[in-house]
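Peer 1: let me see the structure of the following:
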Amino acid sequence: MGDAERPVDWAEGEWWNEPVRVENGPAGELLVQPAEGSDLWRHTSYGFVHDDAPALLAPLPAGEAMEVTFVLDYGEQFDQAGVLVRVDDRNWVKAGVEVSDGEPQVGAVVTREVSDWSVSGVPRWAGREVTVRVSRDGDALTVRARADDEPWRLVRLAPLAPDAVATAGPYCCSPTRAGLRIRFTGWRRGLADAALHPEE
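Peer 2: Below you'll find the model as predicted:
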């Protein structure tokens, strides 16, 4: 893994789509309430375009990594939180934990004109702190995630042009209900991972 130890202050980011409510918690966390019906998706299978999830974004240049930590204490269909990496409205990656079919699923949506989606069930992550890490190196964005201090698991390897101007940071959305509140507990950045696989 690369070095992703420098904390990012919440004030360093700029909101892309303002949340319904945002406030600082007593321990330095950021509490964010997305709007009912907010989502990020383009076309595939569902036939709609949503581009209105709140995200707190800062530059993510090539050669850097970013981590976002949040508490997985939500449980309604399609509730979600994690990291958004955004180039423009047709090119972006969201990665995190989304509730789908009754359980938390770690996954990613990679959008290049149209969206795709991959998920893997993580029921044992419920109630814990989850960290999602995106690492940008060469022509690739590597997505990893873990609960607490467990070993990282690879979530996705996605293309991202080396010359693309990208921003990234914590996002959340609530496609099916009102009242979701996400507790983000950390935001860090540093150098991109040196290798895709640990043994390299």
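Peer 1: kindly provide the distance from residue 89 to residue 124.
Peer 2: Plainly put, residue 89 is 35 Å away from residue 124 if you go by CB to CB, to the nearest Å. Quick note: C-beta positions are derived from backbone N, CA and C, even for glycine.
Peer 1: now swap in residue 10 and tell me
Peer 2: According to CB to CB, residue 10 stands 29 Å off from residue 124.
Peer 1: contacting residues around the residue sitting nearest the centre point of the chain?
Peer 2: Nearest residue to the geometric centre of the chain (CA atoms, centre = their mean): residue 83, 1.7 Å. Residue 83 makes contact with 66-68, 94-96, 132-134, 143, 168-171, according to CB atoms under 8 Å, 6 or more residues apart in numbering.
Peer 1: could you list which of the residues you listed belong to strands?
Peer 2: When DSSP state E defines the strands, the subset of the contacts of residue 83 inside them is 66-68, 94-96, 132-134, 143, 168-171.
Peer 1: pull out the buried members of these.
Peer 2: Listed as buried from these are 66-68, 94-96, 132-134, 143, 168-171; burial here means 16 or more other CB atoms under 10 Å.
Peer 1: any chance of the residues you listed in TSV with distance to residue 151 and pLDDT as columns?
Peer 2: Below are those laid out as TSV (distance: CB to CB, whole Å; pLDDT from 0 to 100):
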residue	distance to residue 151	pLDDT
66	19	98
67	15	98
68	18	98
94	23	97
95	17	98
96	18	97
132	14	98
133	12	98
134	17	98
143	15	98
168	23	98
169	24	98
170	23	98
171	25	98
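Peer 1: so what secondary structure elements neighbour the least confident helix or strand in the chain by mean pLDDT?
Peer 2: Within the chain, judged by mean pLDDT, DSSP states H and E, the helix or strand with the poorest mean is strand 49-51; its value is a mean of 79. Applying 3 or more CB pairs under 8 Å, 6 or more residues apart in numbering; DSSP states H and E, one finds that strand 49-51 contacts strand 40-42.
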